[in-house]
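Enquirer: 3D, please:
(one chain, ligands or ions: 1)
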Amino acid sequence: MSAALAVEAVSVSFGGVHALTDVSFEVPEGQVCGVIGPNGAGKTTLFDVISGLRRPTSGSVSVAGRDTTGVPAVRRAREGLRRTFQRTQVFGRLTVADNVLAAIEWRGGGGGLPADLAGGRARRRLERDRRERVDEVLALCGLTELRDAYAAALPVGRRRLVELARALADHPSLLLLDEPTSGLDADQAARMEEIIRALDTTVLLVEHDMGFVMNVCDRLVVLDLGKVIASGTPAEIGDDPVVRAAYLGCP
Ligand SMILES: Nc1ncnc2c1ncn2[C@@H]1O[C@H](COP(=O)(O)OP(=O)(O)OP(=O)(O)O)[C@@H](O)[C@H]1O
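Expert: Numbers count the residues shown, from 1 in each chain. Here you go, the predicted model:
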């Protein structure tokens, strides 16, 4: 079976700066893979390449066995790729529940043409299913009690959970999380850990909190100055002398 995500020999240069050099790794379906590395290691550039915001100078990206290197970001999103950002992106003027609903309805309000063709009863069923999904995702993310709050009024930790809820709303096949614990307090980070561990979606995440990364990831890829310096299970990475010296700062 092909990997859910395969990054093959990806390089990105910005003029003379080699942000990524010959980066390769795979993530099997359903696994959580963490990308770690110091500032400037190339993590954001890698996410940009995988999500289609940046075309690599060379190399390729495949999702579920299909080469998506030249595929625009919006089409990758339609095919099930979701990404959250270091700076949370939610609709501040919508309630929490409507933020999630909008993430489900973006393919077409109320079901679009198929629902129109199918008639009123089918449309009502579709709308009911969507509202049920909103309730389900809000509960999963611990947001039920905040469903009617405006997203702009929430502290950053809660907004991050709203962003996650939006990303999960229509069952992504590949989820990219950029610093999911940034701005979260300890309880919220624990909730984030639980949510990610319970997902059956393939997840790639960038995170600086090493305790979180070690708990939540099945595999890790370590970048340094744009190159993969190690990859393996969290235990293997924790024991790797190259990583300890270059990144963890210990012998
Ligand atoms: N648009 C750009 N133009 C020029 N150089 C860039 C650009 N984007 C990134 N870089 C450079 O590429 C390298 C990798 O940057 P990138 O932001 O991917 O690293 P990062 O690991 O995400 O860092 P951080 O943890 O600080 O977010 C850095 O040297 C950065 O200065």
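Enquirer: what comes into contact with the helix or strand harbouring Cys33?
Expert: Remark: Cys33 resides in strand 32-36, with elements defined by DSSP states H and E. Contact partners of strand 32-36, identified using C-beta atoms under 8 Å, 6 or more residues apart in numbering, comprise 5, 25, 27, 43, 46, 196-197, 199, 202-208, 210, 213, 216-223, 234, 237, 247. In short, each C-beta sits where N, CA and C put it, glycine included.
Enquirer: Kindly report the same for stretch 199-218.
Expert: Residues outside stretch 199-218 that contact it (C-beta under 8 Å, 6+ apart) are 4-5, 27-36, 43-44, 47, 50, 168, 171-182, 189, 192-193, 196-197, 220, 233-234, 238, 248.
Enquirer: which SS state does Val7 fall under?
Expert: Counting by DSSP: H, G, I helix; E, B strand; the rest coil, the backbone at Val7 sits in strand.
Enquirer: same check, this time on the one 4 residues further on
Expert: The three-state label for Ser11, taken from three-state DSSP, comes out as strand.
Enquirer: One more: Ala167?
Expert: Following three-state DSSP, Ala167 is assigned to helix.
Enquirer: got the contact list for it?
Expert: Neighbouring residues of Ala167 by C-beta under 8 Å, 6+ apart: 82-84, 103, 175, 177.
Enquirer: what's the answer for Ala151, then?
Expert: Residues counted as contacts of Ala151 (C-beta under 8 Å, 6+ apart) are 90-96, 99, 159, 162.
Enquirer: Now tabulate the contacts of Ala167 in CSV and tack on secondary structure and pLDDT.
Expert: Conversion of the contacts of Ala167 to CSV gives the following (DSSP: H, G, I helix; E, B strand; the rest coil; pLDDT from 0 to 100):
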residue, secondary structure, pLDDT
Arg82, strand, 91
Arg83, strand, 90
Thr84, strand, 87
Ala103, helix, 87
Leu175, strand, 96
Leu177, strand, 95
